[in-house]
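Engineer: sequence? don't have it. structure:
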């Protein structure tokens with residue numbers, strides 16, 4: 001199988017899985033946000049953010065190092081996987097101790113304290129189960145990873161809906177998350193053993209130093225990159241748990257895009273980038289530039305949707321109790337322009353073995369994000385909630401309220417990351433890794449934005465707006481020459497890898 005077909009097959013498997021998981025997680029998020037209200041939903045969101053931060057360093061990015069090393073040498077998987085699992089069990093004890101100190105040090109009351117410890121168990125189990133992706137991604141058999149995650153989210157959705165039907169509180173619902181995650185660990189282990197029976201897990205003391213030293217900067221970078229988790233914690237302290245709940249609701253669609261499309265593509269492409277760094281750097285640059293251009297074209301359309309349709313989406317999904325989530329959602333649309341480009345640079349940094357420099361840059365961005373979230377949320381809280389960009393109804397437009405400080409800080413941090421990582425990689429490859437000459441997609445987006453604005457004034461149904469704007473945008477891209485013959489060849493190759501039924505020969 002050619003590289004592009006293998007890459008496309010793995011990407012399709014991950015995106016299909018994450019698409020299913022997106023629908024499931026959005027259903028869970030909408031139901032819980034409406035059922036719990038912004039106070040209890042905010043407490044649950046803050047608890048999960050704290051637990052996520054405490055458990056990130058348990059994995060230390062060791063699985064990424066293992067995937068990089070095992071991709072060209074699949075026979076080493078059992079040695080790496082067994083060693084990673086043993087190290088992670090010991091690191092988990094440190095996370096529990098850190099949670100005790102942090103929870104009581106911050107003075108959280110009973111409900112959040114309970115939720116933090118339950119969420120900690122969820123993330124620790126999830127981290128252990130996720131190590132089996134070393135097996136799946138190193139062999140570039142990512143359909144098994146997709147299956148395990150989809151089954152977990154389906155089980156979780158059924159359990160949560162059952163709990164809502166029974167009228168359970170947030171703590172009991174959190175225990176159901178823990179139960180679903182335990183089932184995920186068992187199922188992922190079963191798939192790894194069943195599908196790759198020749199792999200024997202074993203602990204190799206000689207790999208401990210390599211994994212910890214190599215994985216530590218990646219773990220730190222992931223820890224620093226937890227911008228949303230830090231922002232929720234800051235907002236809970238500056239504007240209260242309801243504000244954290246409003247922010248969490250606004251980020252649900254944003255995180256859905258991030259986890260469904262961007263991370264899926266990055267997970268599929270990372271093994272290829274790791275190989276090309278050693279063998280063919282020209283092709284590595286060509287692939288990253290192509291992906292960068294596709295991400296940019298898609299992002300421009302999504303920015304329009306966030307700005308012009310954000311009011312309808314938030315009110316439709318979550319109701320008027322989440323009006324303050326609207327300006328957050330609209331501002332996050334601007335971040336969508338930067339986020340996929342930065343993920344592409346993240347993977348290029350790790351593939352280029354610049355883990356420590358990567359961690360340093362992301363750490364600086366984390367400081368910028370955390371400080372900005374505190375400063376902007378505190379500052380905006382002093383303002384009267386007057387719209388600063390067009391408003392056409394209660395809660396619409398972009399208003400400088402306290403919770404809007406989160407996306408403003410996030411945009412500044414993402415902009416810093418884009419500039420810093422682009423400069424570092426330009427020195428490494430003697431050329432830029434991101435797409436250039438992007439004025440044509442901007443022109444197409446501007447014309448499409450005018451159409452969407454006009455349709456909004458005439459009160460067109462959102463479904464009609466989505467369909468017509470996507471068609472018009474695509475036609476404009478083609479007419480302006482943004483879609484080239486090379487793109488059409490790539491699209492045909494992608495379509496050829498999809499599981500459509502084979503056409504029967506005539507007379508067969």
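Structural biologist: Right, received. Where do you want to start? Note that the structure is predicted; figures quoted are calculated from it, not measured. Numbering: from 1, shown residues only.
Engineer: Quickly list the domain ranges of this structure.
Structural biologist: As given by automatic domain parsing, the domain ranges for the chain are 1-218, 225-436, 439-494.
Engineer: Now render those as JSON lines, adding mean pLDDT.
Structural biologist: Below are these laid out as JSON lines (pLDDT from 0 to 100):
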{"stretch": "domain 1-218", "mean pLDDT": "79"}
{"stretch": "domain 225-436", "mean pLDDT": "83"}
{"stretch": "domain 439-494", "mean pLDDT": "82"}
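Engineer: Turn those into CSV, columns for mean neighbour count.
Structural biologist: Where C-beta positions appear, they are placed from N, C-alpha and C, glycine not excepted. Listed next are the domains of the chain as CSV, based on neighbours: other CB atoms under 10 Å:
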stretch, mean neighbour count
domain 1-218, 19
domain 225-436, 20
domain 439-494, 14
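Engineer: Distance from the chain centre to the helix or strand harbouring residue 186, please.
Structural biologist: Under the criterion of DSSP states H and E, residue 186 resides in helix 170-195. Between the centre of helix 170-195 and the centre of its chain there are 20 Å (CA atoms, centre = their mean, to the nearest Å).
Engineer: Now do the contacts for residue 203.
Structural biologist: 82, 83, 86 (CB atoms under 8 Å, 6 or more residues apart in numbering).
Engineer: Among these, name the ones in strands.
Structural biologist: Residues of those located in strands (DSSP state E): none.
Engineer: is it true that residue 251 touches residue 332?
Structural biologist: Yes - between residue 251 and residue 332 there is a contact under CB atoms under 8 Å: 6.7 Å.
Engineer: can you give me the helices for the stretch 101-250 of the chain?
Structural biologist: In the stretch 101-250 of the chain, the helices defined using DSSP state H, counting those that start in this stretch lie at 110-130, 133-138, 143-166, 170-195, 205-224, 227-238, 241-257.
Engineer: hang on, I meant the stretch 301-450 of the chain
Structural biologist: According to DSSP H, counting those that start in this stretch, the helices that the stretch 301-450 of the chain contains are 325-351, 355-381, 405-429, 439-457.
Engineer: Just put these in CSV and tack on distance to residue 154.
Structural biologist: Below are the helices of the stretch 301-450 of the chain laid out as CSV (distance: least, CB to CB, whole Å):
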stretch, distance to residue 154
helix 325-351, 26
helix 355-381, 33
helix 405-429, 31
helix 439-457, 34
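Engineer: Contacts for stretch 341-354 next, please.
Structural biologist: Applying CB under 8 Å, 6+ apart, the contact partners of stretch 341-354 are 64, 68, 218, 221, 225, 258, 262-263, 266, 269-270, 273-274, 276-277, 284, 288, 291-292, 295-296, 355, 357-358, 414, 417-418, 421-422, 424-425, 428, 433-434.
Engineer: Just checking, which helix or strand succeeds the helix or strand hosting residue 26 along the chain?
Structural biologist: Assigned by DSSP H and E, residue 26 falls within helix 3-59. Using DSSP H and E, the helix or strand that follows helix 3-59 towards the C-terminus is helix 62-70.
Engineer: now that next one, how far from the chain's geometric center?
Structural biologist: 20 Å.
Engineer: so how far is residue 378 from the residue nearest to residue 118 when sequence neighbours are not counted?
Structural biologist: Excluding the flanking residues, the one nearest residue 118 by CB to CB, 6 or more residues apart in numbering is residue 174, at 4.3 Å. Per CB to CB, to the nearest Å, residue 174 is found 30 Å from residue 378.
Engineer: my read: residue 254 touches residue 331, true?
Structural biologist: No - between residue 254 and residue 331 there is no contact under CB under 8 Å: 10.2 Å.
Engineer: rewinding a little: helices - which of the contacts of residue 203 land there?
Structural biologist: Judged by DSSP state H, these include 82, 83, 86 as members of helices.
Engineer: unless I'm mixing things up, the second one is touching residue 209, no?
Structural biologist: Going back to what we said before, that points to residue 83. No - when contacts are counted by CB under 8 Å, residue 83 is not listed as touching residue 209 (10.6 Å).
Engineer: Kindly check the end-to-end length of stretch 63-81 for me.
Structural biologist: 8 Å (CA to CA, to the nearest Å).
Engineer: Who are the contact partners of the residue nearest to residue 76 when sequence neighbours are not counted?
Structural biologist: Excluding the flanking residues, the one nearest residue 76 by CB to CB, 6+ apart is residue 70, at 5.1 Å. Counting by CB under 8 Å, 6+ apart, residue 70 makes contact with 76, 77, 80, 134, 138.
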